[in-house]
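Novice: give me coordinates for this.
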Amino acid sequence: MNPPPYAEKKKKEYTLKLRALLGELPPCCKMFFRGIEDTTTVLTRYGYAVDLKTFFHFLVENIPAFKGHAAIETIELAELNNVSTTDIEIFLEHITLYINADERTIGNQERAKARKLSTLRSFYKYFYKKELLLNTPPSLVDAPKLHEKPIVRLEPNEVADLLDTAEQGEGLSEKQMKYHKYTRARDIAILTLFLGTGIRISELVGINLDDLNFMSNEFRVTRKGGSQDTLVFGDEVRQALLQYMLERESVLAAPGHENALFLSMQKRRITNRAVENLVKKYAQLAAPLKTISPHKLRSTYGTMLYRETGDIYLVADILGHKDVNTTRKHYAAISEDRRRYAANKIKLRDGEPRPNE
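Specialist: Presented below is the predicted three-dimensional model:
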């Protein structure tokens, strides 16, 4: 009997983690999460729970109206009417750098702050609509200004260098080379799959053996949000996968991991962290001046596809973006290339000297 699909296992894992975390939060949070269950994923709800825990601890430790609470579990919903917009602003300033309950120093930049503010807005809005709270102060606070990060991607020659490095192992340390002969085919398949399809790291890690169809050059992925999608791969990806499958089929996977496509050295489904380290290891050798992650390989694929087709809607569809504007904003550098191309297409004169009139 096959183990449950990877996505279903992750869903169960985070459902249990969310339930455990709810035991540390005020009782009103259970009502909130029941109310949004049908419109959010369990990963989203778990993220909300983590953010709310941080917020409630801040209230108890820093806001006078809440300092009578020995623990955040005793906070009543009606007390949240005492939170002001100033309190929310202080909270956002506080989480820039603070020490949590585990004595760890935590820092939050603008995107993390914006996400936490979004969590508070959703929480207050839910109870305001039910007329259980009188106001929604988080909605009156401006979100942090998000500065666009510089777009980092590999150029075509760097893509070739990356795959060559994974294939030959040139530049790896003596210790790394000892493992390279065991992971070479797997690593090439992983890098080729990123660069040839643009999938997310979570989608790659979640691929099962029975998700592959070499008859039609297709494979099934679980998208962000839990939906299933079928993607097509080209000849280079097919070749890399088939080469890896020659080794994978002879591996006896650990119990519960028999159906996983990509395995670790411990014969278990490879983790996100292991894939990130794998990409970093080869990218540091192939493109030492760039910080390359699996997401940057996804951006590289999107860039190459857009340059070849000029079809932003096709790129959005294959990358699994629900909003084409999400796709468009990642290709500012390409827009500049096209503008330079356009600048030289219009000739105001034919280049021939003209006599004076």
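
Novice: ranges for the strands of the stretch 251-357 of the chain?
Specialist: Assigned strands in the stretch 251-357 of the chain: none (criterion: DSSP state E, counting those that start in this stretch).

Novice: low-confidence regions, it specifically.
Specialist: 329-357 (pLDDT under 70).

Novice: which stretches in the chain count as strands?
Specialist: Here the chain has its strands, by DSSP state E, at 97-99, 105-107, 212-213, 218-222, 228-232.

Novice: mean neighbour count, those: which tops it?
Specialist: The highest mean neighbour count among the strands of the chain, using mean count of other Cβ atoms under 10 Å, belongs to strand 218-222: a mean of 19. (Glycine included, C-beta is placed from N, CA and C.)

Novice: what mean pLDDT does it get?
Specialist: The pLDDT scores in strand 218-222 average 91.

Novice: tell me how many other residues crowd residue 67.
Specialist: Per other Cβ atoms under 10 Å, the neighbour tally for residue 67 reads 11.

Novice: wait, what's in contact with the closest residue to it other than its chain neighbours?
Specialist: In space, and not counting its chain neighbours, residue 67 is closest to residue 60: 6.7 Å by Cβ to Cβ, 6 or more residues apart in numbering. For residue 60, the contacting residues are 66, 67, 69, 71, 72, 75, by Cβ atoms under 8 Å, 6 or more residues apart in numbering.

Novice: and residue 196, by the same measure?
Specialist: Residue 196 touches 233, 234, 236, 237, 301, counting by Cβ under 8 Å, 6+ apart.

Novice: buried ones among the residues you listed?
Specialist: When the contacts of residue 196 are checked for burial by 16 or more other Cβ atoms under 10 Å, the buried set is 233, 237, 301.

Novice: and those residues, which of them are in helices?
Specialist: 237, 301 (DSSP state H).

Novice: can you give me the angle the helix ranked longest in the chain makes with strand 218-222?
Specialist: Using DSSP H, we find that the single longest helix of the chain is helix 174-197. With axes from the mean of the first three to the mean of the last three Cα atoms, to 10 degrees as the basis, helix 174-197 and strand 218-222 are set at 100 degrees to each other.

Novice: in PDB, list the C-alpha atoms belonging to helix 174-197.
Specialist: Extracted in PDB, the C-alpha atoms of helix 174-197 (Å, rounded to 0.1, in the frame of the first residue of the first chain):
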ATOM      1  CA  GLU A 174      37.900  16.500  -1.700                       C
ATOM      2  CA  LYS A 175      35.100  15.800   0.800                       C
ATOM      3  CA  GLN A 176      32.400  16.900  -1.600                       C
ATOM      4  CA  MET A 177      33.800  14.800  -4.300                       C
ATOM      5  CA  LYS A 178      33.400  11.700  -2.200                       C
ATOM      6  CA  TYR A 179      29.600  12.200  -2.200                       C
ATOM      7  CA  HIS A 180      29.400  13.600  -5.700                       C
ATOM      8  CA  LYS A 181      29.700  10.200  -7.400                       C
ATOM      9  CA  TYR A 182      26.600   9.100  -5.500                       C
ATOM     10  CA  THR A 183      24.600  12.200  -6.000                       C
ATOM     11  CA  ARG A 184      25.700  13.300  -9.500                       C
ATOM     12  CA  ALA A 185      22.800  12.000 -11.500                       C
ATOM     13  CA  ARG A 186      20.300  13.200  -8.900                       C
ATOM     14  CA  ASP A 187      21.800  16.700  -8.700                       C
ATOM     15  CA  ILE A 188      21.900  17.100 -12.500                       C
ATOM     16  CA  ALA A 189      18.200  16.000 -12.600                       C
ATOM     17  CA  ILE A 190      17.200  18.500  -9.900                       C
ATOM     18  CA  LEU A 191      19.000  21.400 -11.500                       C
ATOM     19  CA  THR A 192      17.800  20.600 -15.000                       C
ATOM     20  CA  LEU A 193      14.200  20.300 -13.700                       C
ATOM     21  CA  PHE A 194      14.400  23.700 -12.100                       C
ATOM     22  CA  LEU A 195      16.000  25.300 -15.200                       C
ATOM     23  CA  GLY A 196      13.800  23.500 -17.700                       C
ATOM     24  CA  THR A 197      10.400  23.900 -16.100                       C
END
